[in-house]
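Novice: Could you work out the structure for the sequence below:
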Amino acid sequence: MKQIVSTLALVLVLSFPADALETIRYFDKEGNVVTAELITVTKATEKEFRARIRRGGRNRPLRLEPRQILELRRGDRDAINQWSKSLALGKGMMAAGQIANQGTASGAEETFAKAAYSTERGTRGQEATERAEPWQNMYGAFYLIEARLALGKQGKKDKLNEALEAIAQFRKRSSARAGAKLDMSVPDYKGGSRESRVFGFGANRLGPHVDLLEARTFAALGQADKAKSAYDKIISDAPTKGYPPNLIVAAVIERTNIEASGKEAQEQETIYRSAGTTLRGLAGRQPDAFGKEKLTLAANKAMLQGADLLFEAAKAGKYGINVPLNRYKQLGDSTEARKDEALRLGAKAGIGMCLVEEGKQGELAYTTLLEVVTDGYRYPEQVARALYYLAKAAPLYGKEIDGAGGSGVFLREEGDRWKKDLQERFPSSKWAKKAKSE
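Specialist: Residues are numbered from 1 along each chain as shown. Take a look at the predicted model:
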């Protein structure tokens, strides 16, 4: 049997968190998100996925549309087969940041490259242990693209071009039936190549995910137009090809980030608002409640992000504070805010922030932000932001009471308490760090 990992790599993987099992995370017909141990995959095409899983201590059949799969981790560190072990090893290396080789120890890239191109059938009597299957090639090839993209983002730009080559090969192999042999120039992790025969994959559910990796690779190369075109194809194909909702959201938002980069805040807000509209339109074409909810919530988040950009620009003096304030009020009064608590509380936090920055209506700023802190326990980022501004709203409100002939001293003290609360509850948040530096 080929030795595919070094002793050091084996030591490394043993130190990783438990990842011995293959797992699947998916949403069922009721919209519940389920995580289960994957026992075996019996069918996996671009239109259908069948498997056996272990859930609740029982071995059960599972039949899904690929769009229902939110995450599927292939590779079992405890498997008999060396290539299944190799996939799990490589994923552990990726999680630990060991993507490139370190001395004589293999990194994730080399590990995935070996799994992606091997056609080893095994010596007599050792087939189950040694043989490479087309599905192992397929996931090795997919993870190899991810590894090269990660290396490219770390500054190794040549790896981005190698990722594009691996993407082209993935598509070629997907166009051939599973198990078919193809003649191909096989790249190695060092940038060289050799002529070899490799397995075809057949049509598979990873196609749109590879498209997303291609868009990300173009973006990492700084080729914005190519990246946007790649994202556009995913977005336009999504309704008719049944793409997973999380993949649709990623494509729309990542494309929007590229489009908005370098623009003025008001133009950026328009772009994010447009993204929200796009996501709401796509939500209406989702065939199930989970997809509709996922895309609608993403749409609302994009709308709120646009308003936040206006707020930051107003703080920098580019606009009057009424510009973001009016936008937050629009969002807070919208039909969507009555259905989405995150949008409602985000808009309220925005209103309170604007009033604090304006230095007026301290009482309204205080009560508005207090509502976010009280009701937003499921949204820690919003609560942390609200606490930061609540610490500023309290003395502002106290000053108003003083001006009306009362005593606002307790509110000035409360400002310090809210600041302390922020440090205790969210010590690693940017808001706690910001408050500490002031």
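Novice: switch to C-alpha atoms for all contacts and neighbour counts from now on
Specialist: Will do.
Novice: would you list every one of the strands in the stretch 101-250 of the chain?
Specialist: 181-187, 193-199 (DSSP state E, counting those that start in this stretch).
Novice: Reformat those as JSON lines; add mean neighbour count, mean pLDDT and distance to residue 43.
Specialist: Shown next, in JSON lines, are these (neighbours: other Cα atoms under 10 Å; pLDDT from 0 to 100; distance: least, Cα to Cα, whole Å):
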{"stretch": "strand 181-187", "mean neighbour count": "15", "mean pLDDT": "90", "distance to residue 43": "20"}
{"stretch": "strand 193-199", "mean neighbour count": "16", "mean pLDDT": "91", "distance to residue 43": "17"}
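Novice: Make JSON lines out of those and add distance to residue 123.
Specialist: Listed next are the strands of the stretch 101-250 of the chain as JSON lines, based on distance: least, Cα to Cα, whole Å:
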{"stretch": "strand 181-187", "distance to residue 123": "20"}
{"stretch": "strand 193-199", "distance to residue 123": "18"}
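Novice: And those strands: which comes nearest residue 320?
Specialist: Of all the strands of the stretch 101-250 of the chain, it is strand 181-187 that lies closest to residue 320, at 56.1 Å by Cα to Cα.
Novice: Any chance you could list what contacts that closest one?
Specialist: Outside strand 181-187, the residues within contact range by Cα atoms under 8 Å, 6 or more residues apart in numbering are 117, 173, 193-200.
Novice: For residue 344, state which of those is nearest.
Specialist: For those, the nearest to residue 344 is residue 173 (47.5 Å; Cα to Cα).
Novice: how close does that closest one get to residue 97?
Specialist: 28 Å (Cα to Cα, to the nearest Å).
Novice: what's the closest of the strands of the stretch 101-250 of the chain to residue 70?
Specialist: strand 193-199 (26.5 Å).
Novice: With distance to residue 145 added, can I get the contacts of strand 181-187 in a markdown table?
Specialist: As requested, the contacts of strand 181-187 are exported to a markdown table (distance: Cα to Cα, whole Å):
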| residue | distance to residue 145 |
| --- | --- |
| 117 | 13 |
| 173 | 14 |
| 193 | 16 |
| 194 | 18 |
| 195 | 20 |
| 196 | 19 |
| 197 | 20 |
| 198 | 17 |
| 199 | 17 |
| 200 | 17 |
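Novice: what's the most distant pair in those?
Specialist: Using Cα to Cα for every pair in the contacts of strand 181-187, the one that comes out farthest apart is 193 and 200, at 18.5 Å.
Novice: my guess is residue 358 meets residue 324, correct?
Specialist: No. The pair residue 358 / residue 324 is not scored as a contact, 11.4 Å apart, by Cα atoms under 8 Å.
Novice: ok, these two, which is more surrounded?
Specialist: Higher neighbour count among residue 358 and residue 324: residue 324, with 27 against 15, using other Cα atoms under 10 Å.
Novice: how about stretch 335-344: buried residues?
Specialist: 336-337, 340-344 (16 or more other Cα atoms under 10 Å).
Novice: so of these, which ones are in helices?
Specialist: 336-337, 341-344 (DSSP state H).
Novice: State the pair within those residues that is farthest apart.
Specialist: Maximum distance among these (Cα to Cα): 10.1 Å, for 336 and 342.
Novice: Lowest-scoring secondary structure element of the chain by mean pLDDT?
Specialist: In the chain, no helix or strand scores lower on mean pLDDT, DSSP states H and E than helix 7-14, which sits at a mean of 39.
Novice: Pick out the residue nearest the middle of the protein.
Specialist: Geometric centre of the chain, nearest residue: residue 250, 6.9 Å, by Cα atoms, centre = their mean.
Novice: Now do that one, the pLDDT please.
Specialist: Looking at residue 250, its pLDDT is 98.
Novice: ok, it to residue 154 distance?
Specialist: With Cα to Cα as the criterion, residue 250 and residue 154 are 21 Å apart.
Novice: Excluding chain neighbours, what is closest to residue 346?
Specialist: residue 382 (6.4 Å; Cα to Cα, 6 or more residues apart in numbering).
Novice: Give me the buried positions along the helix or strand hosting that neighbour.
Specialist: Using DSSP states H and E, residue 382 sits in helix 380-403. Neighbour counts using 16+ other Cα under 10 Å place 381-401 of helix 380-403 among the buried residues.
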